[in-house]
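[1] Pasted the sequence and its predicted model underneath.
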Amino acid sequence: MRVCRHASLLVFLLMGCGKDELPSREQIPILHERLFVLERGLRDHNRAAIDSLLSVDILDHKQDSDSLLRYVYRPDHSFAFQKLGDYTIFFNRDLAVIDCFIMDSTSGHDRPLRLTYRLDDDRWLVTQFAEGHPDSTGLL
């Protein structure tokens, strides 16, 4: 596990010039747990579990649980997904970005993945996913 080394700088950027006080660090374990629940749903191919973690806003990006499963396992289902690892969390009061890697049983960094979350009625929900940047300290 790796929580961003430059968290205060990135939180500052996410907050829009730091006009408000910094968000509570209590959100880190909550976001961490949301990532692991998503990982479990992906590993089990459980569309219902994945859907429960997605915001309706994800549809604006023409994404859903099926497209996330296709991205993780590849369209031909050739990837032996094991976990989402080596993650970095950036967040402010209502927006979070988790950069991680899609890994197989060798724990190799197969592909970077960026998950964008929004706080919706006290629940962090995925609003978009995209190919991440191999250097998770890259610009948001």
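    All right, it came through fine.

[2] you'd agree His45 is up against Leu69?
    Yes - contact criterion CB atoms under 8 Å: His45 and Leu69 qualify, at 6.5 Å. Backbone N, C-alpha and C define where each C-beta goes, glycine included.

[3] The two: which is more packed in?
    Leu69 (18 against 14; other CB atoms under 10 Å).

[4] Quick check: which element contains the more buried one?
    helix 65-73 (DSSP states H and E).

[5] which of the residues in that helix are buried?
    Buried residues in helix 65-73, counted by 16 or more other CB atoms under 10 Å: Ser65, Leu68, Leu69, Tyr71, Val72, Tyr73.

[6] which other helices and strands contact that helix?
    Secondary-structure packing of helix 65-73 (3 or more CB pairs under 8 Å, 6 or more residues apart in numbering; DSSP states H and E): helix 27-43, helix 47-51.

[7] ok, residues contacting that helix?
    Applying CB atoms under 8 Å, 6 or more residues apart in numbering, the external contacts of helix 65-73 come out as Gly41, Leu42, His45, Arg47, Ile50, Asp51, Leu54, Phe79, Phe81, Ile102, Leu113, Phe129.

[8] Brilliant, that's me finished.
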